[in-house]
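S.K.: Got a predicted model here, sequence first, then my questions.
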Amino acid sequence: MRRRVTKAVFPVAGLGTRFLPATKSIPKEILTLVDRPLIQYAIDEARAAGITEFIFVTSRGKSALEDYFDHAPELEAKLRRSNKTELLEVLRGTNMESGAIAYLRQHQPLGLGHAVWCARRLIGAEPFAVILPDDVIAGDVPCLKQMVDAHSETGGNMVAAMEVPADKVSAYGVLDVAEDMGMLARVRGMVEKPKPEEAPSRLAVIGRYILTPSVLKNLGKKRAGAGGEIQLTDAIADDIAQGHDVFGFRFRGQRFDCGSKAGFLQATLAFGLARNDLHDDLIEFIEDVVAARRAAQ
């Protein structure tokens, strides 16, 4: 019987320089998408997939993340006295129980692979998930839940994957597909940020992974890859060479790259339009903007 995936690693040590000056004083993961910070979307997705242990790999200046998931007794008491039960329930959704969340420091910015390796002692000998909060995915079924369900049948390593335009492959880890089975693709290799003419496919890895402990052993070699950093895709590729299964999973949903300003704005608009309490006002605003631009042409 395959072990359930109950642990997830959240690499959140980055400085978020693309969002300066906002990220001068607050972590990028606290930036608000409509009315929830990015990290809350990631945590909610993990909870929906059955994750019960949350491991944050952080760096200096990230204490606001710890505070966000702590209890706020004074605020809760004030909401209770004011009989604001709906807001109280929203607030409770941000709380993490004692012992459910752990924080580790990545002291040097040596890459995503190194950040995941920092969590090795808390992961142990279990399969585990990795969630990159920059990638926000809207779907009827949360992306990681889709992957966990598929992983219960396949085992091995699994990466979320999506088709990208040929001129964009150099921004991603790209899969070399041995067998395409529709939703799943058996992988024979992975290439980190290839040139478009050298890419083995247009099937790119995005920020959701289910990995085996053998990947951590590969990361422990601390081999520098693209950009001089320790790349997670290299360690997964090593696992393939060692005879272990790796699958690409074509998830159902729309992915937003909230690590970029354009992607963040697109996500804000999409999530706002999906809200009944915001939809009509946003549509009216968009129509007014479009009409004004047409009139000015």
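M.R.: Arrived safely, thanks for sending.
S.K.: which stretches of the stretch 51-200 of the chain form strands?
M.R.: Taking DSSP state E, counting those that start in this stretch, the strands of the stretch 51-200 of the chain run over residues 53-58, 101-105, 128-131, 135-138, 157-163, 173-180, 184-192.
S.K.: Against which helices or strands is the second one packed?
M.R.: Counting by 3 or more Cβ pairs under 8 Å, 6 or more residues apart in numbering; DSSP states H and E, the packing neighbours recorded for strand 101-105 are strand 53-58. Every C-beta, even on glycine, is put in place using the N, C-alpha and C of the backbone.
S.K.: ok, the strand it packs on: who's next to it in the sheet?
M.R.: Strand 53-58 has the following strand partners under DSSP bridges: strand 7-11 (parallel), strand 101-105 (parallel).
S.K.: Tell me who's in contact with the residue positioned nearest the centre of the chain.
M.R.: Geometric centre of the chain, nearest residue: Leu132, 2.5 Å, by Cα atoms, centre = their mean. Neighbouring residues of Leu132 by Cβ atoms under 8 Å, 6 or more residues apart in numbering: Pro11, Ala42, Leu112, Ile206, Gly207, Arg208.
S.K.: quick one: the third one and Asp288, what's the gap?
M.R.: When you say that, I think you mean Leu112. 42 Å (Cβ to Cβ, to the nearest Å).
S.K.: So the two - more neighbours on which side?
M.R.: Neighbours per residue (other Cβ atoms under 10 Å) separate Leu112 from Asp288, with Leu112 holding more: 24 against 10.
S.K.: And the pLDDT for the residue nearest to that one when sequence neighbours are not counted?
M.R.: Nearest residue to Leu112, sequence neighbours excluded (Cβ to Cβ, 6 or more residues apart in numbering): Leu232, at 4.8 Å. We note a pLDDT of 89 for Leu232 in this prediction.
S.K.: quick check: domain ranges of this protein?
M.R.: 7-259, 260-297 (automatic domain parsing).
S.K.: any idea which of the ones you listed is most buried?
M.R.: Ranked by average neighbour count under the criterion mean count of other Cβ atoms under 10 Å, those are headed by domain 7-259 at a mean of 18.
S.K.: where along the stretch 51-200 of the chain do the helices fall?
M.R.: Taking DSSP state H, counting those that start in this stretch as the criterion, the stretch 51-200 of the chain carries its helices at 63-68, 73-81, 85-92, 112-117, 120-123, 143-154.
S.K.: Looking at these, which is nearest to Glu198?
M.R.: Across those, Glu198 has its closest neighbour in helix 112-117 (21.1 Å, Cβ to Cβ).
S.K.: So what's the model's average confidence on the closest one?
M.R.: pLDDT averaged over helix 112-117 gives 90.
S.K.: Can you list the low-confidence ranges for the stretch 1-150 of the chain?
M.R.: For the stretch 1-150 of the chain, the stretches flagged by pLDDT under 70 are 1-2.
S.K.: whoops, the stretch 151-297 of the chain was the one
M.R.: In the stretch 151-297 of the chain (pLDDT under 70), the answer is 225-228.
S.K.: how does it look with 80?
M.R.: Within the stretch 151-297 of the chain, the stretches with pLDDT under 80 are 220-229, 297.
S.K.: about what we covered before: so which of the strands paired with strand 53-58 comes closest to Met147?
M.R.: strand 7-11 (11.3 Å).
S.K.: what angle separates that closest one from helix 143-154?
M.R.: 130 degrees (axes from the mean of the first three to the mean of the last three Cα atoms, to 10 degrees).
S.K.: Keeping just the C-alphas, turn strand 7-11 into CSV.
M.R.: Coordinates of each C-alpha in strand 7-11 appear next as CSV, following Å, rounded to 0.1, in the frame of the first residue of the first chain:
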residue,chain,number,x,y,z
LYS,A,7,3.8,16.7,4.3
ALA,A,8,4.3,19.7,2.1
VAL,A,9,7.3,22.0,1.6
PHE,A,10,6.8,25.7,0.8
PRO,A,11,10.0,27.4,-0.4
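S.K.: which strands and helices sit next to the helix or strand following that strand?
M.R.: Sequence-wise, the next helix or strand beyond strand 7-11 is strand 32-33, with elements assigned using DSSP states H and E. Applying 3+ Cβ pairs under 8 Å, 6+ apart, one finds that strand 32-33 makes contact with helix 261-273.
S.K.: just the CA coordinates of the helix it packs on, formatted as CSV?
M.R.: Output in CSV follows, covering the C-alpha atoms of helix 261-273 (Å, rounded to 0.1, in the frame of the first residue of the first chain):
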residue,chain,number,x,y,z
LYS,A,261,3.5,41.8,-12.1
ALA,A,262,1.4,41.0,-15.2
GLY,A,263,0.5,37.6,-13.9
PHE,A,264,-0.4,39.0,-10.5
LEU,A,265,-2.7,41.6,-12.0
GLN,A,266,-4.3,38.9,-14.3
ALA,A,267,-5.0,36.7,-11.3
THR,A,268,-6.5,39.6,-9.3
LEU,A,269,-8.9,40.3,-12.1
ALA,A,270,-9.8,36.6,-12.7
PHE,A,271,-10.3,35.9,-9.0
GLY,A,272,-12.3,39.1,-8.5
LEU,A,273,-14.6,38.3,-11.4
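S.K.: Perfect, that will be all.
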